[in-house]
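Asker: With the input below, show me the fold.
(7 chains)
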Amino acid sequence: MSENARPLDLLNSAKGKNILVELKNGHSISGKLITFDVHINLTLENAEDKVNGEVVRKLGYLFIKGDTVVLVSPTL
Amino acid sequence: MSENARPLDLLNSAKGKNILVELKNGHSISGKLITFDVHINLTLENAEDKVNGEVVRKLGYLFIKGDTVVLVSPTL
Amino acid sequence: MSENARPLDLLNSAKGKNILVELKNGHSISGKLITFDVHINLTLENAEDKVNGEVVRKLGYLFIKGDTVVLVSPTL
Amino acid sequence: MSENARPLDLLNSAKGKNILVELKNGHSISGKLITFDVHINLTLENAEDKVNGEVVRKLGYLFIKGDTVVLVSPTL
Amino acid sequence: MSENARPLDLLNSAKGKNILVELKNGHSISGKLITFDVHINLTLENAEDKVNGEVVRKLGYLFIKGDTVVLVSPTL
Amino acid sequence: MSENARPLDLLNSAKGKNILVELKNGHSISGKLITFDVHINLTLENAEDKVNGEVVRKLGYLFIKGDTVVLVSPTL
Amino acid sequence: MSENARPLDLLNSAKGKNILVELKNGHSISGKLITFDVHINLTLENAEDKVNGEVVRKLGYLFIKGDTVVLVSPTL
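Answerer: Down below sits the predicted model:
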């Protein structure tokens, strides 16, 4: 990892891959990351709203507002 | 999806279509997206306030303040 | 609706008309919109504080701070 | 009301008069408005902290931080 | 009070005097105001943390972060 | 420690080492700090979500949004 | 205390000394102040997390995010 690595590099390398997003309201959203911006606004496709690992709702395309995001993890 | 795609592109392509908006206070609002700005302030027409998928209130034209928005999903 | 429509256009067209304002603290305020600014600070006249559609308090002229606003609906 | 009216005009015209201020913590403060600024920081004199319309505390001169303000109403 | 009075004037005139500070977490702090800045960051000396008017803790010198302040009252 | 030390120096010296991150939602995340920015956005590898010191979830690579961070401690 | 005293002067004079930091989540952290910045981001050494005056956790070196700070008191 170079000296100049920045946190957004991790999001950049996750484009087109599945990610898990945890929100301040306690929801976990999974889906394929389409893109993001510096506010950590995110767009996903094939998004699913999960509670305790179980899909409770399929959301398809989704815009997530950055100020509600707690963490983003590329799923393995 | 091009390298330069931005999250707001998804909202832009949803103009004139039905969307679902989830708010920080737990409400879900559906309606036709008229327009939005960079703060994610949104205006809808034929807006309805739904609880558990059931319409509890018809709101007609509606201005939603961006800082209360959690996520926006174009409805299928 | 033109390509350049902005969310504040809806508020602009509601000046002098009755609106419903929902606040983050759960209160609903109705009244005639006098004016607003880009922070969504609003001033109303003949403002009434309603709970479950019932007037619990008449407030007359009212200044509402924009950062407490969730949504604004022109009433039908 | 002119086309160029702004929300702060209402506060400006209330200087030297009694106002009611509702705060995000649920308190209502009444008092004579001395002055305010663009952050809606307010100073009052003869300020009183009221619960259910009853005075629970006399505060005299008072500085109220703007980011805690929900609404301001000139009292009739 | 001149036309150009600003809310911070009240804090300025309270320097070196006892003030009461109410915080968003519900605590009331009293003490002698040393100084403040535009963020309403405050420093006090002989600061005391009071609950229901009773001193629960002596804090001596104290820095209070402005974004936690609800109101400031010069004590009589 | 020089006169010009800044808080971010501590984070800088923790790059490549294990840290503990406490979040506003009460979760504690441990992992190896990859990098951070001025918003305290953080990226970790081998991240684990711990409750009462017990690993409840392995998250692998992780982006943590800075505005949810309470404190960061290099683990001993 | 000169006319030009600023709140951060108190923090500056506390560098290298023990301080008590109260956070918005209710925790109290004590430790030796290494340094701080204008956001009131703080770094401490020999930091301890205290509940009711009792040490519940030793944290060693610690970065505290400024927007979680309520108050800082140099301990006597």
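Asker: Could you pull out the helices in chain A for me?
Answerer: Using DSSP state H, the helices of chain A run over residues A:7-13.
Asker: Show me the residue of it that gets nearest to chain C, please.
Answerer: Closest residue of chain A to chain C, C-beta to the nearest C-beta: residue A:67 (13.0 Å). (Glycine included, C-beta is placed from N, CA and C.)
Asker: tell me which parts of chain A are close to chain F?
Answerer: Neighbours of chain F within chain A, by C-beta under 8 Å from any C-beta of the partner chain: A:1, A:5-11, A:24, A:26, A:40, A:66-67, A:69-74, A:76.
Asker: Skipping its backbone neighbours, what lies nearest the most centrally placed residue in chain A in space?
Answerer: With distances taken as C-alpha atoms, centre = their mean, the residue of chain A nearest its centroid is residue A:21 (4.0 Å). Leaving aside its chain neighbours, residue A:21 sits nearest to residue A:29 (4.6 Å; criterion: C-beta to C-beta, 6 or more residues apart in numbering or on different chains).
Asker: Could you count how many residues lie near that neighbour?
Answerer: 23 (other C-beta atoms under 10 Å in any protein chain shown).
Asker: Please name the residues that touch it.
Answerer: Counting by C-beta atoms under 8 Å, 6 or more residues apart in numbering or on different chains, residue A:29 touches A:20-21, A:23, A:44, A:47-50, A:59, A:62, A:64, B:71.
Asker: Could you do residue A:37 as well?
Answerer: For residue A:37, the contact set (C-beta under 8 Å, 6+ apart) comprises A:66, B:6-8.
Asker: Who wins on neighbours among the residues you listed?
Answerer: Ranking the contacts of residue A:37 using other C-beta under 10 Å puts residue B:7 first, with 22 neighbours.
Asker: What's the local residue count around the nearest residue to that one once chain neighbours are set aside?
Answerer: Nearest non-adjacent residue to residue B:7, counting by C-beta to C-beta, 6+ apart: residue A:41, 4.0 Å away. Residue A:41 has 22 neighbours, counted by other C-beta under 10 Å.
Asker: next one: residue A:38
Answerer: Using other C-beta under 10 Å: residue A:38 sits among 10 other residues.
Asker: My guess is it contacts residue A:11. True?
Answerer: No - the pair residue A:38 / residue A:11 is not scored as a contact, 10.2 Å apart, by C-beta atoms under 8 Å.
Asker: before we move on, the earlier item: roughly how far does the residue nearest to residue A:21 sit from residue B:71?
Answerer: Distance of residue A:29 to residue B:71, computed by C-beta to C-beta, to the nearest Å: 8 Å.
Asker: Next: residue A:54.
Answerer: Separation of residue A:54 from residue B:71 (C-beta to C-beta): 19 Å.
Asker: And residue A:28, by the same measure?
Answerer: Taken as C-beta to C-beta, the spacing of residue A:28 relative to residue B:71 amounts to 12 Å.
Asker: Also residue A:21?
Answerer: Taken as C-beta to C-beta, the span from residue A:21 to residue B:71 is 10 Å.
Asker: Chain A: strands as residue ranges?
Answerer: A:18-23, A:28-36, A:42-51, A:54-64, A:69-74 (DSSP state E).
Asker: strands paired with the fourth one, and their directions?
Answerer: Pointing back at strand A:54-64 there. Strand A:54-64 pairs in its sheet with strand A:42-51 (antiparallel), strand B:69-74 (antiparallel), by DSSP bridges.
Asker: hmm, back to that, need the winner for burial among the strands of chain A.
Answerer: By mean neighbour count, with neighbours taken as mean count of other C-beta atoms under 10 Å in any protein chain shown, strand A:69-74 ranks first of the strands of chain A at a mean of 23.
Asker: circling back: now mean pLDDT and distance to residue B:15 too, for the strands of chain A, in JSON lines please.
Answerer: Formatted as JSON lines, these follow (pLDDT from 0 to 100; distance: least, C-beta to C-beta, whole Å):
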{"stretch": "strand A:18-23", "mean pLDDT": "96", "distance to residue B:15": "24"}
{"stretch": "strand A:28-36", "mean pLDDT": "96", "distance to residue B:15": "18"}
{"stretch": "strand A:42-51", "mean pLDDT": "93", "distance to residue B:15": "15"}
{"stretch": "strand A:54-64", "mean pLDDT": "91", "distance to residue B:15": "13"}
{"stretch": "strand A:69-74", "mean pLDDT": "96", "distance to residue B:15": "24"}
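Asker: wait, doesn't the residue nearest to the centre of chain A sit right on residue A:42?
Answerer: Yes - assessed by C-beta under 8 Å, residue A:21 is found in contact with residue A:42 at 6.4 Å.
Asker: list residues touching both of the two?
Answerer: In contact with both residue A:21 and residue A:42: A:64, A:69, A:72, using C-beta under 8 Å, 6+ apart.
Asker: quick one, what contacts the nearest residue in space to the first one that is not next to it in sequence?
Answerer: The shortest distance from residue A:64 to any residue other than its chain neighbours is 4.5 Å, reached at residue A:42 (C-beta to C-beta, 6+ apart). If you count contacts by C-beta under 8 Å, 6+ apart, residue A:42 has them with A:21, A:33, A:35-36, A:63-64, A:66, A:69, A:72, B:7.
Asker: And the residue of chain A that's closest to chain G?
Answerer: Taking C-beta to the nearest C-beta, chain G has its nearest neighbour within chain A at residue A:67, 12.9 Å off.
Asker: Report pLDDT for that residue.
Answerer: As predicted, residue A:67 sits at a pLDDT of 96.
Asker: What separation do you get for it and chain D?
Answerer: Taking C-beta to the nearest C-beta, to the nearest Å as the measure, residue A:67 falls 16 Å from chain D.
Asker: try residue A:50
Answerer: Distance from residue A:50 to chain D, by C-beta to the nearest C-beta: 33 Å.
Asker: and the residue lying closest to that residue once chain neighbours are set aside, what does it touch?
Answerer: Leaving out its chain neighbours, the residue that sits closest to residue A:50 by C-beta to C-beta, 6+ apart is residue A:28, at 4.9 Å. Counting by C-beta under 8 Å, 6+ apart, residue A:28 touches A:20-22, A:49-51.
Asker: Report the two of those residues separated the most.
Answerer: A:21 and A:51 (13.9 Å; C-beta to C-beta).
Asker: before we move on, back to that, export the strands paired with strand A:54-64 to JSON lines and append columns for distance to residue E:16.
Answerer: Below are the strands paired with strand A:54-64 laid out as JSON lines (distance: least, C-beta to C-beta, whole Å):
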{"stretch": "strand A:42-51", "distance to residue E:16": "51"}
{"stretch": "strand B:69-74", "distance to residue E:16": "46"}
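Asker: beta partners for the residue nearest to residue A:64?
Answerer: On DSSP bridges, the residues paired with residue A:42 through beta bridges are residue A:36, residue A:64.
Asker: Tell me the pLDDT of the nearest residue to residue A:18 once chain neighbours are set aside.
Answerer: Among residues not flanking residue A:18 along the chain, residue A:75 sits closest, at 4.6 Å (C-beta to C-beta, 6+ apart). pLDDT, residue A:75: 78.
Asker: out of the strands of chain A, which comes closest to residue C:16?
Answerer: Once the strands of chain A are compared by C-beta to C-beta, strand A:54-64 is nearest, at 33.5 Å.
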